[in-house]
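[1] kindly return the folded structure for what I paste below:
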Amino acid sequence: MELPSVGLGTMEIDDPDAVATALDVGYRHLDTARIYDNEAVVGEGLAARSTGDGGVAGERIDRDDVTVATKLWIDDLAADAVAPAARESADRLGVDAIDLLYVHRPRGDYDPEATLSALDRLVDAGPVRNVGVSNFEIPDLDRAIDVLGRPPAAHQTELHPLFYRPALLDHAREHGYPVVAYSPLAGGRVREVDAVVEVADAHGTTPEAVAIAWATAKEPVVAIPKASSEEHLRANLAAADLELTDAEVAAIDAVEREEELFPE
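    Okay, here's the model as predicted:
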C-alpha cells in the first residue's frame, strides 16, 4: 500500500474531536483496533469531516482519501469469526469497507491457512480492501506470503529508538510491503535517549520529532504516533520533513536497545 509517512495511532484516544482535528491538519491514515474499544470514536471523527461538518472552513474531506485501518484481536481469528468481526468493525467505524484490516497478533485463534484465507475472501467480497499483519516474526511473515500468494499489504510492528529490528525491514524491502511503526516515541521515553536528545539539540527541535524522522527515514517505514492536541498532531506530522544526516541516523541506530513496550 501507499501510506503517508505519518499517520495517527489512536490507542487510548476517546474523543472524536481529536480524530477530526487530525484530519483537519492533514492526517490521512487512521489506525485503530477492536481491542482499543474506540472504533466508534474514530468513525465519529471521520464522519464529522467526510460529511463536511465543521473542520477548516467547513471543508469536506473525501472519505476515499483516508486510509482507515483496524485489527482483529486474537479471539476473532477463527475462520468462522473473521467475517462477522470484520463487519462489526466496519459498522462501528461507519465505513462501507475497511481499507486495511490486520491480524493483530498471530496468537489465540490464529491459523495461517484458515484466518488468512477468510480475510482474503473478504477482500473479494468487498468489506475489506487490504489484508495486513501485525506483530509477526519473519517465519510468520513467510507463511502469510505463502498462504496469500502475495505479500501482506503492510506489517505493523513496534519500532522506536529503543526497539529496532533491522531484519524485519530487510524482509519488507525484499518482498515489497510497507512497515507501519507503532509507538515510535517509545511511550515518551525518547526524551531519555542521549543520542536522540543530542540530534534534537543540533536541529533545534524535539526528541519526538527526531524519533519520527529517524523511523520514517528507513525505507519502507511509515509511523503512526499517537497525539490528541492540535499542537502535537501538527508537530508529529511535520516531523517527517526533518532531514537527518547519515551520521545522525547511525548514532541512533547504535543506541543500546532495551526491551519492547508491548511484548507478547
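
[2] where are the low-confidence patches of the chain?
    52-58 (pLDDT under 70).

[3] packing partners of the longest strand belonging to it?
    Counting residues, the longest strand found in the chain (DSSP state E) is strand 67-72. With contacts defined as 3 or more C-beta pairs under 8 Å, 6 or more residues apart in numbering; DSSP states H and E, strand 67-72 has these neighbours: strand 29-31, helix 39-50, helix 79-93, strand 100-103. For glycine as for every other residue, the C-beta is placed from the backbone atoms N, C-alpha and C.

[4] give me that answer again for 6 Å
    In terms of contacts (3 or more C-beta pairs under 6 Å, 6 or more residues apart in numbering; DSSP states H and E), strand 67-72 is packed against strand 29-31, helix 79-93.

[5] with distance to Leu159 and mean neighbour count added, can I get those in CSV?
    Converted to CSV, the helices and strands packed on strand 67-72 look like this (distance: least, C-beta to C-beta, whole Å; neighbours: other C-beta atoms under 10 Å):
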stretch, distance to Leu159, mean neighbour count
strand 29-31, 14, 25
helix 79-93, 24, 18
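
[6] helices of this protein, start to end?
    For the chain, the helices defined by DSSP state H cover 16-25, 39-50, 79-93, 112-125, 138-148, 166-175, 194-203, 207-216, 230-239, 246-253.

[7] so in that sheet, which strands flank the longest strand of the chain, and in what orientation?
    The strands that strand 67-72 pairs with in its sheet are strand 29-31 (parallel), strand 100-103 (parallel) (by DSSP bridges).

[8] what does the shortest one rub up against?
    Where contact means C-beta atoms under 6 Å, 6 or more residues apart in numbering, the residues beyond strand 29-31 that reach it are 3-4, 7-9, 42, 67-69, 224.

[9] if we can go back for a sec, make a markdown table from the strands paired with strand 67-72 and add distance to Pro161 to it.
    Putting the strands paired with strand 67-72 into a markdown table (distance: least, C-beta to C-beta, whole Å) gives the following:
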| stretch | distance to Pro161 |
| --- | --- |
| strand 29-31 | 20 |
| strand 100-103 | 24 |
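
[10] residue contacts, Leu141?
    The contact partners of Leu141, taken as C-beta under 6 Å, 6+ apart, are His171.

[11] how far away is it from Val199?
    Distance of Leu141 to Val199, given as C-beta to C-beta, to the nearest Å: 31 Å.

[12] same deal with Tyr110?
    As for Tyr110, its distance to Val199 is 39 Å (criterion: C-beta to C-beta).

[13] higher neighbour count, the two?
    For Tyr110 versus Val199, the count of surrounding residues by other C-beta atoms under 10 Å is larger for Val199: 26 against 20.

[14] so that one touches Ala209, yeah?
    No - under the criterion of C-beta atoms under 6 Å, Val199 makes no contact with Ala209, lying 9.6 Å away.

[15] how about the helices and strands packed on strand 67-72 in TSV, adding distance to Val179?
    Written out in TSV, the entries for the helices and strands packed on strand 67-72 read as follows (distance: least, C-beta to C-beta, whole Å):
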stretch	distance to Val179
strand 29-31	13
helix 79-93	23
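
[16] of all these, which one is nearest Val180?
    With distances scored as C-beta to C-beta, the stretch of these nearest to Val180 is strand 29-31 (7.3 Å).

[17] picking up where we left off before, just name the most buried of the helices of the chain.
    Among those, ranked by average contacts under mean count of other C-beta atoms under 10 Å, first place goes to helix 207-216 (a mean of 26).

[18] with only the CA atoms kept, save it in CSV.
    Coordinates of the C-alpha atoms in helix 207-216 are reproduced here as CSV (Å, rounded to 0.1, in the frame of the first residue of the first chain):
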residue,chain,number,x,y,z
PRO,A,207,13.3,14.4,20.6
GLU,A,208,9.9,13.3,19.5
ALA,A,209,10.4,14.9,16.1
VAL,A,210,13.8,13.2,15.8
ALA,A,211,12.4,9.8,16.7
ILE,A,212,9.7,10.1,14.0
ALA,A,213,12.2,11.4,11.4
TRP,A,214,14.6,8.6,12.3
ALA,A,215,11.9,6.0,11.8
THR,A,216,10.5,7.4,8.5
